[in-house]
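>>> here you go, sequence then predicted model.
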Amino acid sequence: MSDDCCSSKGSELEQLATQADQRRVLIVVLVINAVMFGVEFAAGMIAGSAALMADATDMLGDALVYAVSLFALSRGDRWKARAALFKGVLILLLGIAILVNVAIKLTSGVPPSSTLMLIFGAMALAANLACLALLWRFRGQDINMASTFECSRNDVINNVGVLAAAGAVAAFASPWPDILIGGLMAAIILRSAVRVLKESVTHLRTRSTDPR
């Protein structure tokens, strides 16, 4: 009886410690993404880069995603599935917004500043690699943290796309690399949104009897 009690308490303490670690990590990555959104979006507007602004918009979405993840962290599986569903919808809306931005860019035809794209794209990549490293050990913890890791991984892919677009813009003095990379980033984000939505709906259905 005593061994069972101690074992139960040990499991509870271990779970609480894990949640505390998750909370600290989520707060750090939330702050990183919120700050980088402001910096990168301003740079995107100055540079006239659809890819840079798309990446910045995605960072704003991630900051909101991390806030929702913090809300769901200490709640039950059903709440975590709901949080993941919300994140999936948010990612979907961001993907659509980026497509609209790309469509607007098509009408201007002015090449963006490749230098600013390279500088701020590299800064964003460094920030997102740091976030990915912080979230790595929690990626399989539950659906809430898995969807959060998914968002951070998408950011790294987007950053590489921005840097590739910057190099191509510099090489060809054309807006098309920026437009094409922006469109590709939107496609990746939309694909991720569909996956997160499917997983969250499946979890909600399998836990439909859970009152939490």
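Received it, and whenever you're ready, just let me know what you need.

>>> just list the residues touching the spatially closest residue to Gly183 that is not a sequence neighbour, thanks.
Spatially, and ignoring its direct neighbours in sequence, Gly183 is nearest to Val102 (5.0 Å; Cβ to Cβ, 6 or more residues apart in numbering). Where you see a C-beta, it was placed from the backbone N, CA and C, and this is true even at glycine. Neighbouring residues of Val102 by Cβ atoms under 8 Å, 6 or more residues apart in numbering: Ala50, Ala54, Ile179, Gly182, Gly183, Ala186.

>>> do that again at 10 Å, thanks
50-51, 53-54, 178-186 (Cβ atoms under 10 Å, 6 or more residues apart in numbering).

>>> separation between it and Gly95?
Separation of Val102 from Gly95 (Cβ to Cβ, to the nearest Å): 11 Å.

>>> so what sits against both of these two?
Shared contacts of Val102 and Gly95 (Cβ under 10 Å, 6+ apart): Ala54, Met185, Ala186.

>>> now render those residues as JSON lines, adding pLDDT.
Below are the shared contacts of Val102 and Gly95 laid out as JSON lines (pLDDT from 0 to 100):
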{"residue": "Ala54", "pLDDT": "79"}
{"residue": "Met185", "pLDDT": "78"}
{"residue": "Ala186", "pLDDT": "80"}
